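J.: my questions are about this predicted structure, shown below with the sequence.
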Amino acid sequence: MIELQDVSYAYGGEAVLRGMDLTLAPGSFHFLTGPSGSGKTTFLRLLARQLVPTGGTLRIFGDDAAAMDRDAVAGVRRRIGVVHQDLAFLDHLSVAENVALPLTVAGRSDPEAVRELLAWTGLGSRARALPPQLSGGERQRMALARAVVMSPDVVLADEPTGNVDWEMSMRLMTLLVELNRMGKTVLIATHDLGLIRAMKGRASARTLRIRDGAPELAGAGL
Amino acid sequence: MIELQDVSYAYGGEAVLRGMDLTLAPGSFHFLTGPSGSGKTTFLRLLARQLVPTGGTLRIFGDDAAAMDRDAVAGVRRRIGVVHQDLAFLDHLSVAENVALPLTVAGRSDPEAVRELLAWTGLGSRARALPPQLSGGERQRMALARAVVMSPDVVLADEPTGNVDWEMSMRLMTLLVELNRMGKTVLIATHDLGLIRAMKGRASARTLRIRDGAPELAGAGL
Amino acid sequence: MRRVLTLLRGESGAGRMVPRTGAAATLTLGASAAMGFLAMFALALTFASGRLADRWSDGLAGTATVRIEAPRAQVEPQMRAALTVLRQTPGVAEVRALSAEERAALVAPWFGEDVPVADLPLPILIAVTEAVPGYDAEGLRLRLAAEAPGAVLDDHARWRGPLVAAARRLRLLGWLSMGIIALSSAAIVTLAANAALAANARVIEVLRLNGARDDYVARAFVRRFTLRAFIGAAGGTALGAMAIALLPSADAAGGFLTGLGFRGAGWLWPLLIPPVAGAVAFAATRAAAMRQLRAVS
Amino acid sequence: MRRVLTLLRGESGAGRMVPRTGAAATLTLGASAAMGFLAMFALALTFASGRLADRWSDGLAGTATVRIEAPRAQVEPQMRAALTVLRQTPGVAEVRALSAEERAALVAPWFGEDVPVADLPLPILIAVTEAVPGYDAEGLRLRLAAEAPGAVLDDHARWRGPLVAAARRLRLLGWLSMGIIALSSAAIVTLAANAALAANARVIEVLRLNGARDDYVARAFVRRFTLRAFIGAAGGTALGAMAIALLPSADAAGGFLTGLGFRGAGWLWPLLIPPVAGAVAFAATRAAAMRQLRAVS
Ligand SMILES: Nc1ncnc2c1ncn2[C@@H]1O[C@H](COP(=O)(O)OP(=O)(O)OP(=O)(O)O)[C@@H](O)[C@H]1O
Ligand SMILES: Nc1ncnc2c1ncn2[C@@H]1O[C@H](COP(=O)(O)OP(=O)(O)OP(=O)(O)O)[C@@H](O)[C@H]1O
Ligand SMILES: [Mg+2]
Ligand SMILES: [Mg+2]
């Protein structure tokens, strides 16, 4: 599904990530962890084809990421839902419209899915508000709802629970576990080891830890 | 120092916060917790005079918040350092310049303090980068550095560790504990109960929990 | 063309993606309106100077005199011959021998009002009014020389020369200012489109990150901004037209120099301003949108 | 005024707070440049039409003729009396009796080139050249009637009337277009300032949240944008001046209608454009900054 062969990435100067050999198999569930600034967001941006590897080969759904044209990139993004760490919304559209955005730009519509996701993330009563009128945690939940609204093949979530309380975290995780059970690939970047430990029992999750610029499987000790 | 008498706040419709009677004494250390959307950020915005109470009386450093003119508000903000949940920076200025911003707008300069804070928050090597070139956690650390650079009388931090790893969280907390030991008032909004528990031993911190629209002292059970 | 049509039909979905209000929207509307207003005045000015130039050259070119300089006995037959030639000449609208009183009036400024006409050896004068298109002066001179050798055609070229030059120059100034205003308008509308697109850089990024194709994004913006420029320019043009229509009529005051304003079908010209503004905005917005898109992966 | 001075002295600290580049900056510069360019041309046009109008009315107003209509015996004494009166009249620059040949040339268009001057009872004509300021025509007429009753003053008012009206109207058109361009320029620069400030709304909010006083924020923006408008307008004006200087000279071509361009001290006028643009930008930016500030607590 997503394969990395000796992939590296540098923002100009020294490489942030390097020598990455990894395969995200369909239906897998991964946590990605590592200290702040270690390259978690960079890794997710590579997988979502927001960044192009500066070295090595990255294949997304079988296609070489470096060789894709812009419409192919748009196509890939319709199959990969992303919770961005900086949660970018269209501030002039309502919460419901923002959640429906991936559907809208694909020329589709699924009010049912939007409603259900808003209800599950506790945003039902805020559906008509504008994004700037939400609290930090509410925005994070909205971003998760938007990432999964198309029921994409892959879900990449960057710190999706950094601003929500424990109960809501568990609720959001349940959503991702459900999707994973439906065969979707899930990857969650987080520094919250408590969250990872809590989920160990509920999903057959594996943990990748970024060390020396490359994610590697963490031992059972985590 | 900061006194609330029957303070309430409504964003138009129903009040988010109401009936708040509370005093933040000089040199106190508080955690503020509550579920996502309960009003933590709103409470901090009231204390920083970003919002004006829609009911009741709020006194900041002895002055009525509702009666302050705009220059008085600027004056208050020079005595209150805030880590905003949405971390607003000037993207055309370097990290170091952003950290120095409260000094600059007050017509002051303290390169020594800026350097020390950048080093403590692990941003020494990124001092010349622009904010969009930082990772999520790096931006959060930068926001904390900026909030305390003036060594303000009060520090309000809204989820200051939502995007950083545990070790860095502890490092940032140490900074706030140090400031508190110097007599500064500190209030930290967080949903991270683990963080609150870990700090209980290190500072004489009290925990406020928002319940029914008003922060009240949480029992020792927390 | 097909692209423009697709554009105007538009997609209600994509249209929603572009903020409806804000400084970028006001700027596009306002800049187009100001430019439509200016262009309207420039057009009026161009037309006015064109008309003025026409009137000068036509008014003078339209009349000529034929003077019969011949021995007394031949005056009468030569006059008749000249009249015949003139009547047969294509491009001559009217031919009329001037009466003694008319001839006296012509020389009155030099001799005074009560000039003794009968006593003066005033030559016979024939007034020639030119049609549109006019006659061939050289050909006419040759024919007159052949059939009425004493007939001298004076088409007032001597007096006309400088006035025609002046008229041409005035017309040139009109077109020059029109061209300069058109260029400046295009520049301003382009800058406004760029600024508006830059203000929406975040919107473009969010759309792209959520799987929108370049075409979808570009079309949404191009449609919205082209419409805004069109509407703004239409408003500005209408305002300008109103202002011009309200100016005191020129004919009442002077009669010689026409005022600002359009005559008859001339009022159709300003109808071109909004589509041109729309076209400029279309090109500028598309280019700006594509540039912004290239900055996002 | 003191505010403007403080502004230009500026604060290096506050200046840094405003982004140096970006679409907002380009827009302010570009809009001011386009407007400076347009204003330059409008100014040139206004001057050209003013000069043209002056030339028409002055050129015609400067000459007059006095005709002596009297019994043959009185012609000579009345002419001498008229000449004496004219020479004593303040505002008359030159007085000259026309020779027989000159008088013949005047009537030539009506009688032909080889008019038998001697045979014609051509009246005596005196050419009068007016000084600046001119003479009092009514007073002159009265004095002539008293001292040389056969002398008739013809100041060509009949011919001049429409031309003077035309010239006035042309001058009016010049000032009208100048005014309209000035208004549109002010509108565009204001819109650009608004858009630029809106694009910087986030910057204003961040500054304010970090303890900046309103004055500090406003001054930083006002300074930056006023300078940009000034520089842009100066550039546009310089470009316009270059374009005008490069236009082929008018005098070579026509002589009757002056071309675009400034004469002597006229070149000082365009120097007003950049400060005016700067002043408009100053007012607009300050208003926009204050409006944006009011939106932030
Ligand atoms: N500008 C606004 N307009 C309207 N409603 C708002 C606005 N800002 C916040 N709210 C609402 O007020 C409530 C409290 O918001 P607040 O941001 O204070 O919550 P919070 O406790 O900080 O939540 P979180 O932990 O998610 O950051 C929420 O329901 C939110 O939707
Ligand atoms: N646009 C950029 N230009 C230059 N450097 C960048 C850019 N984005 C990120 N970096 C740097 O690359 C490194 C990795 O960043 P990244 O955002 O991937 O970290 P992260 O693991 O997601 O951190 P966090 O947990 O703090 O979000 C950091 O040191 C960061 O400063
Ligand atoms: Mg990150
Ligand atoms: Mg909050």
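T.: Happy to help now that I have it. Remember, predicted model here, so these are calculated numbers, not experimental data. Residues are numbered from 1 along each chain as shown, chains lettered A, B, ... in the order given. Ligands and ions are numbered 1, 2, ... in the order given.

J.: count the neighbours of residue C:30 for me.
T.: 23 (other Cβ atoms under 10 Å in any protein chain shown). The way it works is simple: take the backbone N, C-alpha and C, and place the C-beta from them, glycine included.

J.: you'd agree it is up against residue C:231?
T.: No - taking contacts as Cβ atoms under 8 Å, residue C:30 lies outside contact range of residue C:231: 11.2 Å.

J.: where does the chain dip in pLDDT?
T.: Picked chain A for this. Chain A contains residues with pLDDT under 70 at A:219-222.

J.: oops, wrong one, chain C.
T.: Applying pLDDT under 70 to chain C picks out residues C:1-14, C:21, C:52-53, C:55-63, C:106-122, C:132, C:156-167, C:169-170, C:247-263.

J.: centroid-nearest residue for it?
T.: A centroid search over chain C (Cα atoms, centre = their mean) returns residue C:47, at 3.2 Å, as the residue closest to the centre.

J.: can you dump the C-alpha coordinates of the strand or helix carrying residue C:81 into CSV?
T.: Secondary structure assignment for residue C:81, by DSSP states H and E: helix C:72-88. Output of helix C:72-88 as CSV, limited to C-alpha atoms (Å, rounded to 0.1, in the frame of the first residue of the first chain):
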residue,chain,number,x,y,z
ARG,C,72,-17.1,90.5,-68.6
ALA,C,73,-18.6,88.9,-71.7
GLN,C,74,-17.5,85.4,-70.7
VAL,C,75,-18.6,85.5,-67.1
GLU,C,76,-22.2,84.4,-67.8
PRO,C,77,-21.4,81.3,-70.1
GLN,C,78,-18.5,80.2,-67.9
MET,C,79,-20.7,80.4,-64.9
ARG,C,80,-23.2,78.1,-66.6
ALA,C,81,-20.5,75.7,-67.7
ALA,C,82,-19.1,75.6,-64.2
LEU,C,83,-22.5,75.0,-62.7
THR,C,84,-23.0,72.1,-65.2
VAL,C,85,-19.6,70.5,-64.3
LEU,C,86,-20.3,70.9,-60.6
ARG,C,87,-23.7,69.3,-60.8
GLN,C,88,-22.3,66.4,-62.7
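
J.: hmm, who's touching that helix?
T.: C:66, C:68, C:70, C:92, C:95, C:97, C:124, C:126, C:128, C:140, C:143-144, C:147-151 (Cβ atoms under 8 Å, 6 or more residues apart in numbering or on different chains).

J.: who are the packing partners of the next helix or strand after that helix?
T.: Following helix C:72-88 in sequence order, the next helix or strand is strand C:92-97 (DSSP H and E). If contacts are counted by 3 or more Cβ pairs under 8 Å, 6 or more residues apart in numbering or on different chains; DSSP states H and E, strand C:92-97 sits against helix C:72-88, strand C:124-130.

J.: tell me, how many residues neighbour residue C:88?
T.: Neighbours of residue C:88 using other Cβ under 10 Å come to 9.

J.: now swap in the one 3 residues further on and tell me
T.: When neighbours are defined as other Cβ under 10 Å, residue C:91 has 14 of them.

J.: enumerate every residue touching it.
T.: Counting by Cβ under 8 Å, 6+ apart, residue C:91 makes contact with C:130-131, C:133-136.

J.: using the three-state scheme, assign the closest residue to it other than its chain neighbours.
T.: Excluding the flanking residues, the one nearest residue C:91 by Cβ to Cβ, 6 or more residues apart in numbering or on different chains is residue C:135, at 3.3 Å. Secondary structure assignment for residue C:135 (DSSP: H, G, I helix; E, B strand; the rest coil): coil.

J.: my read: residue A:74 touches residue C:215, true?
T.: No - Residue A:74 lies out of contact with residue C:215 (Cβ under 8 Å); the separation is 9.4 Å.

J.: top helix in chain A by residue count?
T.: In chain A, with assignment by DSSP state H, the single longest helix is helix A:166-181.

J.: okay, residue A:74 and residue C:215: which has more neighbours?
T.: For residue A:74 and residue C:215, the more surrounded residue by other Cβ under 10 Å is residue A:74, and the numbers stand at 24 against 13.

J.: tell me, how many residues neighbour residue C:87?
T.: Residues near residue C:87, counting by other Cβ under 10 Å: 10.

J.: about what we covered before: would you list the buried entries among the contacts of residue C:91?
T.: By neighbour count, with 16 or more other Cβ atoms under 10 Å in any protein chain shown, those hold C:130, C:134-135 as buried.

J.: as JSON lines, those residues with distance to residue B:106 would be great.
T.: What follows is the buried ones among the contacts of residue C:91, written out as JSON lines (distance: Cβ to Cβ, whole Å):
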{"residue": "C:130", "distance to residue B:106": "83"}
{"residue": "C:134", "distance to residue B:106": "82"}
{"residue": "C:135", "distance to residue B:106": "87"}
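
J.: residue numbers of chain C in contact with chain A?
T.: Contacts of chain C with chain A, taken as Cβ under 8 Å from any Cβ of the partner chain, map to C:13, C:16-17, C:19-20, C:202-203, C:205-214, C:216, C:293, C:297.

J.: try 10 Å this time
T.: Contact residues, chain C versus chain A (Cβ under 10 Å from any Cβ of the partner chain): C:11, C:13-14, C:16-22, C:200, C:202-203, C:205-217, C:220, C:293-294, C:296-297.

J.: appreciated, that's everything.
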